[in-house]
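Trainee: Could you look at this predicted model? Sequence included:
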Amino acid sequence: MAEILQYFMLFLIVLMLALALFAVKTKDLLSAVIASGFISLVASIVYLYLQAPDVAMTEAAIGAGITTLVFVITVRKTKGKEK
């Protein structure tokens, strides 16, 4: 059972790295913001696995929720593409 959880944690880390690379390399700002929101969501799952539920809830609410919402609204009010 513990070995499965280690593979799951490895998967989450690789997923976070892939999302971070996507957020950095993409030219579409809205896609980059959504990718960073998913990074925060995956980070909250990692915190939950590390038995820090208070940090996980804060990361999910603020990192994946409010911050992503503010960035999406900002990108929508601007042009939305990087030059």
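Mentor: Cool, the structure landed. Numbering: from 1, shown residues only.

Trainee: mind listing the helices for the protein?
Mentor: Taking DSSP state H as the criterion, the chain carries its helices at 2-25, 29-49, 53-58, 67-77.

Trainee: would JSON lines of those helices with mean pLDDT and mean neighbour count be doable?
Mentor: Using the backbone N, CA and C atoms, a C-beta is placed for each residue, glycine as well. Converted to JSON lines, those look like this (pLDDT from 0 to 100; neighbours: other C-beta atoms under 10 Å):
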{"stretch": "helix 2-25", "mean pLDDT": "94", "mean neighbour count": "12"}
{"stretch": "helix 29-49", "mean pLDDT": "94", "mean neighbour count": "18"}
{"stretch": "helix 53-58", "mean pLDDT": "94", "mean neighbour count": "13"}
{"stretch": "helix 67-77", "mean pLDDT": "91", "mean neighbour count": "14"}
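
Trainee: and the gap between the residue nearest to the spatial centre of the chain and residue 3?
Mentor: Centrality entry for the chain: nearest residue to the mean C-alpha point is residue 39, 1.6 Å, by C-alpha atoms, centre = their mean. As judged by C-beta to C-beta, to the nearest Å, residue 39 and residue 3 stand 26 Å apart.

Trainee: Contact partners for the residue nearest to the centre of the chain?
Mentor: 16, 19, 20, 23 (C-beta atoms under 8 Å, 6 or more residues apart in numbering).

Trainee: wait, isn't the second one in contact with residue 43?
Mentor: No: if you go by C-beta atoms under 8 Å, residue 19 and residue 43 don't touch, sitting 10.2 Å apart.
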